[in-house]
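Visitor: need coordinates for the below:
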Amino acid sequence: MAEAEAWITGIGIVSCLGEGPDAHWNALNASRPQADTNTLAPYIIHPLAPVDFDKQIPKKGDQRQMEPWQRTGAYAAGLALDSAGVKGNTAILSNMDMIVAAGGGERDLAVDANIMTGMPTAADPGAWLNERLMSDLRPTLFLAQLSNLLAGNISIVHGVTGSSRTFMGEESAGIDAMRIALSRIAAGQSSIALVGGAFNADRPDHLLIKEFGGYNLKDTFAPVWDRGPKGGLALGSFGAFLVLEERSHADSRGAKRIAKLSAVLSDRSNRKPGQVSATLEQLWQKLAGRLKAGSHAVITGASGAEPATGEERAFYAKHPDVPVRASGTFIGHADEPQFAMNLALAALAIGRGTLFPPCDESGVERPMQGSLAQAVVASVGHAWGEGLALVEAGP
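Guide: The predicted structure is shown next:
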């Protein structure tokens, strides 16, 4: 039996570029990166554009109990449901699968600072720590750290009550969320799914984690490919959700099919020198037979962190005929939702039949001649995990 087709019928995106497809497409075509070099200097972030959360999360109580990344994700999910024309449709939402890529929540920095300051001078550090944890943490704080609370909040706010899965694991979580959603639709196990994630970059604690690995971009902003041998990533706040739908299900309700998600491939190399390029080549060859010469391009979530980005760049040098675009130049790098965002941007480009212009001086990105019918979405995690997806136009 032939596999069922999976189509993107809804796009919900919000980032430093604004909210929705048009705002993002206009900013990409205007080559206007939105980077903040002051708020958390010397580190560079791409903060979320102003958002009226009331439009998708009407109850203030719901908003208050969510952390910023959860509000961003619930908002983007609502945009995706609106885009797909299923918002408030209980019959569809009750059977909609949900797959979320999420981190472990956000720290209470005031409590952390109090513990780190007081513990070294406490007479009994263990007892003092237990006392602080019992008295300083809000009753809901630990629950707020659970990664699956984003899915729970989306269920509460938007009524998506089919099956629910949450993946953790930075960039790889986003790849596998899409891979599982596509596999379920192709196998006839799902007819419609909400898939995506969210990330808050305005977090000193997460910048600290990245700094421990030497990953952060500092002082001066530059496009991803222009960051030099030391590289560096600029974290970005955004939410990205897609509605994936089996073709006949979409057609039966008259939904607009934006773009076809034809394949999602994932792998994890050992990150020895040269292994990222080799792994990308192996994945590429699995798609090569489907690609049409002159009408495909790559949209990548390259972070700018080294050595991963340098190896990804070396891979593209072996395919000089394929135009490449790094979305991180515009929106920054977010671990879990990066893949979903790039799939959304690929779908926007496919729907318009054209690729947005280059935004670097390195020579990696070049203008595309002719129309765009296929986009390969690439993901090379800053520390681990690789993946490719194929997004296509279709009848």
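
Visitor: could you report the neighbour count for residue 94?
Guide: 11 (other Cβ atoms under 10 Å). Every residue, glycine included, has its C-beta placed from N, CA and C.

Visitor: which one is it nearest to, not counting chain neighbours?
Guide: Spatially, and ignoring its direct neighbours in sequence, residue 94 is nearest to residue 161 (5.1 Å; Cβ to Cβ, 6 or more residues apart in numbering).

Visitor: number of residues surrounding the one you found?
Guide: 15.

Visitor: list the contacts for it?
Guide: 93-94, 96, 155 (Cβ atoms under 8 Å, 6 or more residues apart in numbering).

Visitor: generate a PyMOL selection restricted to the buried subset of those.
Guide: Per 16 or more other Cβ atoms under 10 Å, the buried members of these correspond to this PyMOL selection:
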select buried, resi 93+96+155
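
Visitor: of the contacts of residue 161, closest to residue 394?
Guide: residue 96 (22.6 Å; Cβ to Cβ).

Visitor: please identify the residue most distant from the middle of the protein.
Guide: Within the chain, the residue lying farthest from the chain centre (Cα atoms, centre = their mean) is residue 123, at 45.5 Å.

Visitor: which elements pack onto the strand or helix carrying residue 114?
Guide: Per DSSP states H and E, residue 114 falls inside helix 109-118. Where contact means 3 or more Cβ pairs under 8 Å, 6 or more residues apart in numbering; DSSP states H and E, helix 109-118 is packed against helix 125-136, helix 204-212.

Visitor: for the last one, name the packing helices and strands.
Guide: In this structure, helix 204-212 packs against helix 109-118, strand 235-236, with contacts taken as 3+ Cβ pairs under 8 Å, 6+ apart.

Visitor: single out the most deeply packed of the ones you listed.
Guide: strand 235-236 (a mean of 28; mean count of other Cβ atoms under 10 Å).

Visitor: from the middle of its chain, how far away would it be?
Guide: Offset of strand 235-236 from its chain centre (Cα atoms, centre = their mean, to the nearest Å): 11 Å.

Visitor: likewise stretch 101-113?
Guide: For stretch 101-113, the distance to the chain centre is 19 Å (Cα atoms, centre = their mean).

Visitor: ditto for stretch 332-344
Guide: Distance, stretch centre to chain centre, for stretch 332-344: 2 Å (Cα atoms, centre = their mean).

Visitor: do the same with stretch 238-256
Guide: Distance, centroid of stretch 238-256 to centroid of chain: 18 Å (Cα atoms, centre = their mean).

Visitor: between the two ends of that stretch, how far is it?
Guide: 25 Å (Cα to Cα, to the nearest Å).

Visitor: what residues sit buried inside it?
Guide: Applying 16+ other Cβ under 10 Å to stretch 238-256 flags 238-247, 249-250, 255 as buried.

Visitor: nearest to residue 318 among these?
Guide: The closest of the buried residues of stretch 238-256, once distances to residue 318 are taken by Cβ to Cβ, is residue 240, at 29.2 Å.

Visitor: and the host helix or strand of the closest one, which strands flank it?
Guide: Applying DSSP H and E as the criterion places residue 240 in strand 238-246. Looking at strand 238-246 with DSSP bridges, its partner strands are strand 6-15 (antiparallel), strand 192-199 (antiparallel).

Visitor: of all those strands, which one is nearest residue 291?
Guide: strand 6-15 (18.5 Å).

Visitor: give me the average confidence score over the closest one.
Guide: In this model, strand 6-15 has a mean pLDDT of 98.

Visitor: okay, the helices and strands packed on helix 109-118 in CSV with mean pLDDT, mean neighbour count and distance to residue 78 next?
Guide: Listed next are those as CSV, based on pLDDT from 0 to 100; neighbours: other Cβ atoms under 10 Å; distance: least, Cβ to Cβ, whole Å:
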stretch, mean pLDDT, mean neighbour count, distance to residue 78
helix 125-136, 86, 12, 34
helix 204-212, 91, 14, 25
